[in-house]
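Engineer: I need the structure of the sequence given here:
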Amino acid sequence: MRTVIVAAGVVLEHGKVLLSRRKTGTHLEGLWEFPGGKVEAGEDPRAALRRELEEELGIDTEVGEIVDVTFHRYEDADKAVLLLFFEASRTSASPEPRAVDVAEVGWFGPEALDPASFPPADVAVLAKVRARLHG
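Structural biologist: Predicted coordinates for the structure are as follows:
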């Protein structure tokens, strides 16, 4: 079983969090997730997150501190994921997020963070994100 390192962004604005939906035909298709992607060999995870957010959502971001770290085995895909969740915020010059390389993108309040709508690896961080949205 191979292990993939993934950097994901917790982007909060106006009491909502930015989420993207996985494309049809991909592992965990149709589920909502915190946007981001694989960290390439030798790549700084923060740089990977900035790159992925630009490639997938067309936004320019600044990446901050770690929010959470989780590890999850996906037996069905014969892979494990080490997920690094970072605070991220759009720069003042960033355009609005759009679905460039994801099925859909949107801003969601705490009431919309239903664990059943997320990949298992993302579920552990939901309580922390809800607390930040209420804070």
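Engineer: can you give me the end-to-end distance of stretch 12-28?
Structural biologist: Stretch 12-28 has an end-to-end distance of 24 Å (criterion: C-alpha to C-alpha, to the nearest Å).
Engineer: for it, buried residues please.
Structural biologist: 12, 17-22, 28 (16 or more other C-beta atoms under 10 Å). C-beta: built from backbone N, CA, C; applies to glycine.
Engineer: okay if I get those residues as CSV plus secondary structure and pLDDT?
Structural biologist: Listed next are the buried residues of stretch 12-28 as CSV, based on DSSP: H, G, I helix; E, B strand; the rest coil; pLDDT from 0 to 100:
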residue, secondary structure, pLDDT
12, strand, 97
17, strand, 98
18, strand, 98
19, strand, 98
20, strand, 98
21, strand, 98
22, coil, 96
28, coil, 94
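Engineer: which regions of this protein sit below the pLDDT cut-off?
Structural biologist: Along the chain, segments meeting pLDDT under 70 span 135.
Engineer: just the strands in it please.
Structural biologist: 2-13, 16-21, 32-33, 36-38, 61-74, 79-90, 104-108 (DSSP state E).
Engineer: elements contacting the last one?
Structural biologist: Taking 3 or more C-beta pairs under 8 Å, 6 or more residues apart in numbering; DSSP states H and E as the contact definition, the neighbouring helices and strands of strand 104-108 are strand 16-21.
Engineer: go ahead and produce PDB holding the CA coordinates of the strand it packs on.
Structural biologist: Extracted C-alpha coordinates of strand 16-21, given in PDB (Å, rounded to 0.1, in the frame of the first residue of the first chain):
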ATOM      1  CA  LYS A  16     -18.200  30.200   5.400                       C
ATOM      2  CA  VAL A  17     -15.600  27.600   4.300                       C
ATOM      3  CA  LEU A  18     -14.500  27.000   0.700                       C
ATOM      4  CA  LEU A  19     -15.100  23.400  -0.400                       C
ATOM      5  CA  SER A  20     -14.800  21.600  -3.700                       C
ATOM      6  CA  ARG A  21     -16.500  18.500  -5.100                       C
END
